[in-house]
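Enquirer: have a look at this fold, sequence not included:
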């Protein structure tokens, strides 16, 4: 093993953490302990990457063997930096070993960190694992305790051995900064003492201009005050600022949950810290304390007060303290406020939202604030000062739900508050009271304001009056009384807001209580404009029909009786109030519809979408299907409107839908058939298509109904067209496969019985047969095939294997074949080849098409004589290859397989650029020689026959792929144009009748095809185009087939007239009851 291999083995052994003896053996055999691998690691540096029980032993051994202890990685990490990758218990021992062997104790890595930095930063990272990885509490505590002891020992050792505690990393943090971030360490004071003992400077600033002393002031630690004392005693500068100009006093005032905070503040004030200093946000320590030290604020204020040099209470910034206290009142607040006021705080000072302390007292979170408000008033608080929204405290008193609102408002009125002051929305206190006062005192509050001069005629910036607002927001039992009061005091009853809505619109929109009817009657009696229109051209009648839940009928009756315009249409979609009523179908909808019609509403009036009231009723059924009263009324409404002359055949403008479309698209299952019968019996067009070409029958097939079969049968019984096509060229028959799975068979039968075309194709070329295959149900496939479904349409369909297995069963004629194979009839029906060989053609044909019972086939062949077996092979060979010599055929077959395999490999190499075009061409010439076929026609014939033989005879699963299906059809067409076997004939003779001959090659392919009917037709059509194939040949084919299955040659005479009149063989077969097709389908 050379040196390079030894070193590789050494690195691998370290990586795999092999036993100590193996690594020792490699070093003893000459492996270099200072070798460097491709990542820049020596064995020693590499060993630190794996923290296992073996690591410590391996590291110690490498150091003993002369490993360089000051080598570094590309990030300048030395072994002393890397120690902290190891388990906690191993670190101190390894650090001591490295230092004793000359490790540089203040070496810096790429981040300017010394090992002392790494010791403390690693501890900060490990805290996450200490507290979140351990599940058991005692384990967590034990591990934390061990870590604290270990950290203390490591820090002490490094400092005792010359580590500089004042070196700064790339963020300018010293070890002292990092120590004071370890808030969870119980021995933090002890570590701090060690640092100070070793010359750590508490005044070194980091990149945020924070000194260790600043960090100590932010500590949330039981020993924080001792640490602060210790730092002050050792020269900490108390008057330094952080980057945002925060002093240590600012930082202490931010501390929460520290019971020693008042003591620390006292210490700082005593030490002379500036109590008036401002940070970059303009905050003094007192301002911050008012936010974070609410529980201690009283003591802090006293401390500040004792500082004779402070003018904090007179400063504009510290007035915010009074705001803070007023915003969140508690039992101590009044004393604090009193103290602040006595010390000179301005009771009318405004914060950044332009709020005075009085504005904040009236906030909703404060309830018992009357004494505080009185105190502020006694000390000069101005009740008319406005906040950022231009609101006085009277606005707030009327907006927020305080206790004793009447008493509060009386207090403010007594202090001279402006009762008609307006905010930015032009709202007065009366507007606020009409919106927000929802208690039993509402009437009393509004009355109090009006009696004290509140302007009832005043309107908001949206032109809204107090009358609008009480109808929009008030649900109290005093609504009628408030309405009377406002109208009597001069409110404009016909005022319209920015939407042109009057108070009548509002009460009809928002009020659903019992007193709404009384209020509306009163408004009408006071001459409100009943036919006023809003900007949407809606009357109050539209609003009642849309929004009212409780008593719409009574209110509608009242409005109509008072002369409201029932014909008015909105300008949104041209709907009248009757249209709106039919859309929302509120309580007593039948009576409401009758009320409109009896008062002259047009029953066939249409909106802009050409929808009549009846169309709208049906369109809303999906949204209202759970309202049983509406479902019950639907039939009655429909009967009523039909009786009154509703046009059933009107179509919507957007989708050309009639009522029949809507009941299938939107109606639920309940009473669907009953409504269907009602509409059809009343003369609705059952086959009307919508914009997508969908007839009602399409929609009936799309929707899932429990009684779908009954509905579809009913539609057929009344003339529904089963072959109508939608825009996707789908008939209803296509759609049943998607949505009618539970009743699919009987529904399919119903369609077929009613003349549905099983071969209709959609835009995607799918027929119902495609869809039946997707269902994977043999019964469906049989049913369609029995009804002339064209199996050739499956050429484009990917058919699953489980479905393929269905086809042989469908086209099986097992009983016929079993009987014929066991019989000894027709021995004179033979195959005659060029060399005179003959064989029973009947049994040969059945054998070649039979793949259901392999045992039966095997038994038949085993019972044949040797000569018969040879004749079978000769016949099969000739039928499928055009060659007599079986050995020659097998050689050609092997050549073809070889050619195909090697051609595939050659093509792959070419596409992967492994060979050039010239190389590809040369090798193709070599490959072609394997086929040993000189003539192009003979090569084509060979491929064709071999392909057919392989697909049909060797592999019984002959419809395995889309390509296979297409190929087989092409094969049949080509075979009928092939001249190779024209002398190979069937000779029929019975009791010396005239000999009849036909090409057996073509006949066998027809008979053994599972696609018999369709194939026969396609072959015929193809043959007529290719060359003359006489009618007499077709007659002979039919006679031969009939003779095979009936043993009666004379009865096989064709109806010459039928055949002469029609070249449609399929039609002929259907007309002839004794035809082979009837026999094929008899099992169905």
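Expert: Received it, and whenever you're ready, just let me know what you need. Since the model is a prediction, treat every value here as computed from it, not as a measurement.

Enquirer: low pLDDT regions in the stretch 801-950 of the chain?
Expert: The model of the stretch 801-950 of the chain has pLDDT under 70 over residues 801-904, 907, 911, 927-950.

Enquirer: show me what stretch 198-217 is in contact with.
Expert: The set of residues that contact stretch 198-217 without belonging to it, under C-beta atoms under 8 Å, 6 or more residues apart in numbering, is 159-160, 163, 165-166, 168, 171-177, 179-181, 196, 224, 227-228, 231, 234-238, 240-243, 246, 248, 251-252, 255, 264. The way it works is simple: take the backbone N, C-alpha and C, and place the C-beta from them, glycine included.

Enquirer: isn't residue 756 right up against residue 721?
Expert: No - using C-beta atoms under 8 Å, residue 756 is not in contact with residue 721, being 9.5 Å away.

Enquirer: neighbour-wise, which of these two wins?
Expert: Higher neighbour count among residue 756 and residue 721: residue 756, with 21 against 18, using other C-beta atoms under 10 Å.

Enquirer: that one and residue 724, how far apart?
Expert: Distance of residue 756 to residue 724, computed by C-beta to C-beta, to the nearest Å: 10 Å.

Enquirer: between those two, which contacts overlap?
Expert: Contact criterion C-beta under 8 Å, 6+ apart; residues shared by residue 756 and residue 724: 731, 732.

Enquirer: can you give me the strands for this structure?
Expert: 830-832, 838-840, 985-988, 996-999 (DSSP state E).

Enquirer: surely residue 581 is in contact with residue 591?
Expert: No - at 10.6 Å, residue 581 does not count as touching residue 591 under the criterion of C-beta under 8 Å.

Enquirer: of the two, who's got more company?
Expert: Shown here are residue 581 and residue 591; by other C-beta under 10 Å, residue 581 has more neighbours (28 against 14).

Enquirer: now the more buried one, nearest residue through space, not along the chain?
Expert: residue 545 (4.0 Å; C-beta to C-beta, 6 or more residues apart in numbering).

Enquirer: touching, that neighbour and residue 593? I think so.
Expert: No - counting by C-beta under 8 Å, residue 545 sits too far from residue 593 to count as a contact (10.6 Å).

Enquirer: of those two, who's got more company?
Expert: More crowded of residue 545 and residue 593, by other C-beta under 10 Å: residue 545, with 29 against 25.

Enquirer: how near is that one to residue 168?
Expert: Taking C-beta to C-beta, one finds residue 545 at 78 Å from residue 168.

Enquirer: who's in contact with the residue nearest to residue 581?
Expert: By C-beta under 8 Å, 6+ apart, the residues touching residue 545 are 552, 556, 577, 578, 580, 581, 584, 586, 592.

Enquirer: now the contacts of stretch 198-217: which count as buried?
Expert: The neighbour-count test (16 or more other C-beta atoms under 10 Å) applied to these identifies 159, 163, 165, 168, 173-177, 179-181, 196, 224, 227-228, 231, 234, 236, 238, 240-242, 246, 248, 251-252, 255, 264 as buried.

Enquirer: model confidence at the residue nearest to residue 581, what's the number?
Expert: We have a pLDDT of 94 for residue 545.

Enquirer: and if you look at the one 10 residues further on?
Expert: At residue 555, the predicted lDDT confidence score is 94.

Enquirer: and it, how far is that from residue 581?
Expert: Distance of residue 555 to residue 581, given as C-beta to C-beta: 12 Å.

Enquirer: ok, now residue 365?
Expert: Plainly put, residue 365 is 46 Å away from residue 581 if you go by C-beta to C-beta.

Enquirer: next: residue 687.
Expert: Distance of residue 687 to residue 581, given as C-beta to C-beta: 32 Å.

Enquirer: same question, residue 217
Expert: As for residue 217, its distance to residue 581 is 73 Å (criterion: C-beta to C-beta).

Enquirer: surely residue 290 and residue 324 touch.
Expert: Yes - checked against C-beta under 8 Å, the pair residue 290 and residue 324 is within contact range at 3.9 Å.

Enquirer: between those two, who's got more neighbours?
Expert: The residue with more neighbours, out of residue 290 and residue 324, is residue 290; 25 against 20, by other C-beta under 10 Å.
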